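Trainee: Here is a sequence together with a model predicted from it:
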Amino acid sequence: MKNFDGLMMTAAVVGIGLAIFGSHTTMDAESTIERTGAQFDPALHVAVVNGVPVFQADLDKILTEFAATSGETVTDTDLERLRDQLINEQLMVQRADELGLYSSDDRVRAAAIEALTDLILTSEVKEGTPSAVTVSEIQAYYDLHQSNFNLAPTISFDVAYFLDEDARDTAMAAVENGANFTEIQESATKSAFPVPDRPIAVPSLKRYVGEDLAHIMELLAEPGISGPYQIGEMYAIINVTDITQGRERSLEEVFDLVRHELEREREEAALKKYIQWLQDRADIVRTQSADEAGEPVS
């Protein structure tokens, strides 16, 4: 059984840790002391960790960041995950405080969490986990996850969107008579979705053109004009300029990448185990859900 008190003495949350837990809250040492022991208020708090509230305002902040970054609707599952991130961060900060690593300075606060993460990972090594994975382990990981390291097929294209059939028919006739596709786009609706001026991996197409059109494009076998297609109330003409086929990559090609992924997985597993230990020893009170007030439940 690992010495978890020893684990606490070591840890780095910036690369892996901060990526997992983040550093979203704005509490300094004084406000933390002021909040300690405060009464649970479901209207203001999403959780209380060892007597220290986790504020709804902090969750709202990362929800805004999450929505802006992902461009997707925040689901109930997202809400719970983001709330858990705040709880885990508070656990890390409190443990860093116990070890004398905490400061009211935000930069030192982040450094304390980073130092704690480094300690966790270092302690894992001391407990017998090799600091570097072996070639045979890398080979086994590659064999198990080979598809993750393949090159995805890509497609380079432009899309012209039209709101009515007459505009669509006029554009399609012009294309068939050899018109430049750029000119066709100029006559298209201004609400067309922007397409990056670079090859797009086929699995990522729906991010740029939506699920229906992405499914159509996945079936295209060669470059050229394709369409028109009706997508909801719009019509689309696609100009595919290049298609590259995906292919498998040998272990020799991706050796360093495979090693990095294997090491990252092991580090994440060590951090998750440590966070679980923190949770098991903590007094955590949560609201019924992260997005609405309710009776607190442990």
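Mentor: On my side now, so go ahead. What you see is a predicted model, and the numbers here were worked out from it, not measured in a lab. Numbers count the residues shown, from 1 in each chain.
Trainee: Remind me which helix or strand T117 belongs to.
Mentor: In the assignment (DSSP states H and E), T117 maps to helix 106-126.
Trainee: continuing past that helix, what's the next helix or strand?
Mentor: Next along from helix 106-126, by DSSP H and E: helix 135-144.
Trainee: what's that following helix packed up against?
Mentor: Counting by 3 or more Cβ pairs under 8 Å, 6 or more residues apart in numbering; DSSP states H and E, the packing neighbours recorded for helix 135-144 are helix 251-281. The way it works is simple: take the backbone N, C-alpha and C, and place the C-beta from them, glycine included.
Trainee: Counting neighbours, which bits of the helix it packs on end up buried?
Mentor: 251, 254, 258-259, 261-263, 266-267, 270-271, 274-275, 277-278 (16 or more other Cβ atoms under 10 Å).
Trainee: Could you work out the most separated pair of those?
Mentor: L251 and L278 (37.2 Å; Cβ to Cβ).
Trainee: report the longest strand in the protein, please.
Mentor: strand 234-244 (DSSP state E).
Trainee: so how far is it off the chain centroid?
Mentor: Centre-to-centre, strand 234-244 and its host chain are 29 Å apart (Cα atoms, centre = their mean, to the nearest Å).
Trainee: Give me the mean pLDDT for the helix holding T117.
Mentor: Mean pLDDT, taken over the full extent of helix 106-126, equals 71.
Trainee: The longest strand of the chain - which strands sit beside it in the sheet, and in what orientation?
Mentor: If you go by DSSP bridges, strand 234-244 pairs up with strand 154-162 (antiparallel), strand 224-231 (antiparallel).
Trainee: pLDDT value on S31, please?
Mentor: pLDDT, S31: 43.
Trainee: Oops, could you answer that again for I138 instead?
Mentor: I138 is assigned 94 on the pLDDT scale.
Trainee: Is it correct that it is in contact with D256?
Mentor: No - if you go by Cβ atoms under 8 Å, I138 and D256 don't touch, sitting 9.5 Å apart.
Trainee: wait, what's in contact with the residue lying closest to G246 once chain neighbours are set aside?
Mentor: In this structure, G246 finds its nearest non-sequential neighbour in P153, 4.0 Å apart by Cβ to Cβ, 6 or more residues apart in numbering. Listed by Cβ atoms under 8 Å, 6 or more residues apart in numbering, the contact set of P153 reads 201-202, 243-246.
Trainee: Turn those residues into JSON lines, including pLDDT, neighbour count and distance to V49.
Mentor: Output for the contacts of P153, formatted as JSON lines (pLDDT from 0 to 100; neighbours: other Cβ atoms under 10 Å; distance: Cβ to Cβ, whole Å):
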{"residue": "A201", "pLDDT": "90", "neighbour count": "14", "distance to V49": "40"}
{"residue": "V202", "pLDDT": "88", "neighbour count": "19", "distance to V49": "44"}
{"residue": "I243", "pLDDT": "91", "neighbour count": "18", "distance to V49": "52"}
{"residue": "T244", "pLDDT": "90", "neighbour count": "14", "distance to V49": "50"}
{"residue": "Q245", "pLDDT": "90", "neighbour count": "9", "distance to V49": "51"}
{"residue": "G246", "pLDDT": "90", "neighbour count": "13", "distance to V49": "46"}
